[in-house]
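Enquirer: got a predicted structure here, sequence first:
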Amino acid sequence: MKVAMGNGTTDHPSARRPGGRNGRVKAQILAATAELVARDGVAGFRYEDVAAAAGVHKASVYRNWPEREELVADALLRYADDLASIADTGDIRRDLVDFLVALAAGLETPFGRTLEAAVQPARHDATIRALARVLDARVAAMQQRVDTAVGRGELPPVDSSFLGEMISGPVHLIVNRGMRTFTRADAERIVDVVLVGIRSRLPERHQ
């Protein structure tokens, strides 16, 4: 999910990825946080558990993230890249198919399950805010790619948010059911059906 998230979400200081030992410690903490929130939710989230899972001292967690909400948000945002990115190869069909394949793979990770759980009622505000920032990034990336396709004549003017919902909805359904693995063939069928409908609005010379 790697195209940069163009809405500025990666500008948060503690979401950056510095090198060196401190960078490795932060990466361990963020990975542990995503795993724990995915497993236990925000209500059962404790700094002590994060430190133990990350293999660091609790003071390292507090020093880098004195605010619990910021730690949760940064953990979600750090692992959002695969869910929010869409490439530009010059072939909109291929790019949308790749996007769905990556989306499915991301949703099957602990981080992806965290995002799915976050949309349920009565979730913690910090999780909801982080989720909103991730979804904003996905919408922005899709908007940019679709606008490019429209400018090239690959697509007629189209609501990119609606297009994103149309192609991503079936992915969430298949993955959440857990009855079978989402495949590239699934992605191709979904994209082809949606693009046929959208392109029916193009002048004949562009189809």
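Expert: Happy to help now that I have it.
Enquirer: pLDDT averaged over the longest helix seen in the chain - what is it?
Expert: The residue-count maximum for a helix in the chain (DSSP state H) belongs to helix 125-151. Averaging pLDDT along helix 125-151 gives 80.
Enquirer: that one - contacts with which helices or strands?
Expert: Judged by 3 or more C-beta pairs under 8 Å, 6 or more residues apart in numbering; DSSP states H and E, helix 125-151 is in contact with helix 68-78, helix 81-84, helix 92-107, helix 110-118, helix 160-177. The C-beta positions use only the backbone N, C-alpha and C, and glycine is treated the same way.
Enquirer: buried residues in the longest one?
Expert: If you call a residue buried by 16 or more other C-beta atoms under 10 Å, then helix 160-177 has these buried ones: 160, 163-164, 166-168, 170-172, 174-175.
Enquirer: could you redo the residues you listed as TSV and give each row pLDDT and distance to Ala104?
Expert: Shown next, in TSV, are the buried residues of helix 160-177 (pLDDT from 0 to 100; distance: C-beta to C-beta, whole Å):
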residue	pLDDT	distance to Ala104
Ser160	88	20
Leu163	91	17
Gly164	88	14
Met166	91	16
Ile167	93	11
Ser168	89	10
Pro170	94	10
Val171	92	5
His172	87	9
Ile174	91	7
Val175	89	6
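Enquirer: list just the nearest of the residues you listed to Ala34.
Expert: Closest to Ala34 out of the buried residues of helix 160-177 is Val175 (17.3 Å), distances taken as C-beta to C-beta.
Enquirer: pLDDT value on the closest residue to that closest one other than its chain neighbours, please?
Expert: Spatial nearest neighbour of Val175, chain neighbours left out: Leu107 (4.6 Å); criterion: C-beta to C-beta, 6 or more residues apart in numbering. Leu107 carries a pLDDT value of 81.
Enquirer: would you confirm that Leu107 contacts Ile174?
Expert: No: if you go by C-beta atoms under 8 Å, Leu107 and Ile174 don't touch, sitting 9.4 Å apart.
Enquirer: Thr33: which element?
Expert: helix 20-40 (DSSP states H and E).
Enquirer: can you name the next helix or strand after that helix?
Expert: Past helix 20-40, the next helix or strand by DSSP H and E is helix 47-54.
Enquirer: what's the first helix or strand after that next one?
Expert: By DSSP H and E, the next helix or strand past helix 47-54 is helix 58-64.
Enquirer: break the chain into its domains for me.
Expert: Domain segmentation of the chain under automatic domain parsing yields 9-78, 81-206.
Enquirer: which one of those domains has the lowest average pLDDT?
Expert: Among the domains of the chain, domain 9-78 carries the lowest mean pLDDT (a mean of 79).
Enquirer: wait, what's in contact with the closest residue to Asp95 other than its chain neighbours?
Expert: In this structure, Asp95 finds its nearest non-sequential neighbour in Ala87, 5.3 Å apart by C-beta to C-beta, 6+ apart. By C-beta atoms under 8 Å, 6 or more residues apart in numbering, the contact list for Ala87 reads 3, 95, 98-99, 145.
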